[in-house]
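Chemist: coords below, sequence missing:
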């Protein structure tokens, strides 16, 4: 059983990529990610113009993290030294670059190619700072930026997508037509993480990008939509915390996944944990590679019109006692679930088969049947 993947024609030892972020802001930081086991690392966004980071710039809650860090504070020329420092390591280096015109994008792309990177990611979807205009939302501009970058280099070019658009599949077709080798999705979501109500001030001084577990459902939907729309590979990003999340993205069509917030909050050791659990799960299920499961779940994804109306109702496997849980009882808006002598009971005449109780049952004792 092998965790290796072929991504954009690059052989990676595993599908875990460290996303463009503060974690990849220098050669020494990239080396830490590689030594922790990452199959590839995407640099922090490289631009022509350096802007110093503001303070404070990162805040977190129980669901995720907001950051207002724009891009690398290293110059384009300084990145040559940083990339050279890590190139002998056993992982691919992908340069995330940002420019505002096709010619500027081509210039930076050619520069980083000469530095020795294995691929390029166009970071044109940042949801704060200058990225508020979202270069990715203008189809003609997106095509020209992608096309110019692709034509200027001989290495693969990936385009990073924002969730803050309504025409995701159309944009995916545009970058495929422009010659992109892959799509990564999703970038962070425009956000305000919270307000300090005692001081009447926002937690961070401007709009920022939200990441972490809270955005995973949005990311999964984006990956499924893109995978169904184009033939080029997809790299899944957004709220990946464990091996199960990796499998979710791959089963919806992703070839690789990118991690950031989980590593910031838990340390680089999370990479090894995910890889060990992922390998164990695949072996236990009898799979020989990740390609065996890629896209498996897409067949179960239907349009609303295709969903058959079945007479489902909730059922209980055996006997379920209250056991300090009762989530199903509290959440049943139809009053179909109750307790009798501390045992969960379902009234078939009231149950409408909505499925909420099944998704909430951590013991997996509830299921839908007819």
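Modeler: Arrived safely. These figures come from a predicted structure and were not determined experimentally.
Chemist: show me the helices in the chain, by range?
Modeler: 27-35, 78-86, 102-115, 139-152, 168-177, 216-229, 243-251, 261-266, 269-285, 327-331, 356-360 (DSSP state H).
Chemist: average pLDDT across the first one?
Modeler: Per-residue pLDDT over helix 27-35 has a mean of 95.
Chemist: could you list every helix and strand in contact with it?
Modeler: strand 40-42, helix 78-86 (3 or more C-beta pairs under 8 Å, 6 or more residues apart in numbering; DSSP states H and E). Backbone N, C-alpha and C define where each C-beta goes, glycine included.
Chemist: any idea how far residue 145 is from residue 179?
Modeler: Distance, residue 179 to residue 145, using C-beta to C-beta, to the nearest Å: 12 Å.
Chemist: how about stretch 102-120: buried residues?
Modeler: Across stretch 102-120, burial judged by 16 or more other C-beta atoms under 10 Å covers 102, 104-109, 111-113, 115, 117-120.
Chemist: do stretch 263-273 as well
Modeler: Neighbour-count burial for stretch 263-273 flags 263, 264, 268, 270, 271 (criterion: 16+ other C-beta under 10 Å).
Chemist: compare neighbour counts for residue 179 and residue 145 and give me the winner.
Modeler: Shown here are residue 179 and residue 145; by other C-beta atoms under 10 Å, residue 145 has more neighbours (27 against 15).
Chemist: which ones are touching that one?
Modeler: Going by C-beta atoms under 8 Å, 6 or more residues apart in numbering, residue 145 touches 99, 101, 102, 105, 122, 124, 135.
Chemist: give me the buried entries from those.
Modeler: Looks like these have 99, 102, 105, 122, 124, 135 buried, using 16+ other C-beta under 10 Å.
Chemist: quick check, nearest of those residues to residue 49?
Modeler: Among these, residue 99 lies closest to residue 49 (C-beta to C-beta), at 9.9 Å.
Chemist: and the closest residue to the closest one other than its chain neighbours, how far from residue 97?
Modeler: Nearest non-adjacent residue to residue 99, counting by C-beta to C-beta, 6 or more residues apart in numbering: residue 105, 3.9 Å away. Applying C-beta to C-beta, the value for residue 105 to residue 97 is 7 Å.
Chemist: quick check: neighbours shared by these two?
Modeler: By C-beta under 8 Å, 6+ apart, the residues touching both residue 105 and residue 97 are 122, 149.
Chemist: ok, back up a step: JSON lines for the helices of the chain, including distance to residue 347?
Modeler: Output for the helices of the chain, formatted as JSON lines (distance: least, C-beta to C-beta, whole Å):
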{"stretch": "helix 27-35", "distance to residue 347": "53"}
{"stretch": "helix 78-86", "distance to residue 347": "62"}
{"stretch": "helix 102-115", "distance to residue 347": "62"}
{"stretch": "helix 139-152", "distance to residue 347": "53"}
{"stretch": "helix 168-177", "distance to residue 347": "42"}
{"stretch": "helix 216-229", "distance to residue 347": "30"}
{"stretch": "helix 243-251", "distance to residue 347": "33"}
{"stretch": "helix 261-266", "distance to residue 347": "41"}
{"stretch": "helix 269-285", "distance to residue 347": "37"}
{"stretch": "helix 327-331", "distance to residue 347": "12"}
{"stretch": "helix 356-360", "distance to residue 347": "12"}
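Chemist: out of those helices, which is closest to residue 317?
Modeler: Checked against C-beta to C-beta, the stretch from the helices of the chain lying closest is helix 356-360, at 11.0 Å.
Chemist: contacting residues for residue 43?
Modeler: 20, 24-25, 30, 72, 79, 82-83, 93-96, 117.
Chemist: that one and residue 201, how far apart?
Modeler: 33 Å.
Chemist: out of the helices and strands packed on helix 27-35, deepest packed?
Modeler: Counting by mean count of other C-beta atoms under 10 Å, strand 40-42 has the highest mean neighbour count of the helices and strands packed on helix 27-35, with a mean of 28.
Chemist: quick one: that strand to chain centroid distance?
Modeler: Offset of strand 40-42 from its chain centre (C-alpha atoms, centre = their mean, to the nearest Å): 14 Å.
Chemist: now do that strand, average pLDDT.
Modeler: 97.
Chemist: neighbours of residue 61, just the number please.
Modeler: 13.
Chemist: apart from its chain neighbours, what residue comes closest to it?
Modeler: Excluding the flanking residues, the one nearest residue 61 by C-beta to C-beta, 6+ apart is residue 193, at 6.1 Å.
Chemist: please tell me I have it right and that neighbour contacts residue 66.
Modeler: Yes - proximity of residue 193 to residue 66 meets the contact threshold set by C-beta atoms under 8 Å, at 3.8 Å.
Chemist: taking the centroid of the protein, which residue is nearest it?
Modeler: residue 237 (1.2 Å; C-alpha atoms, centre = their mean).
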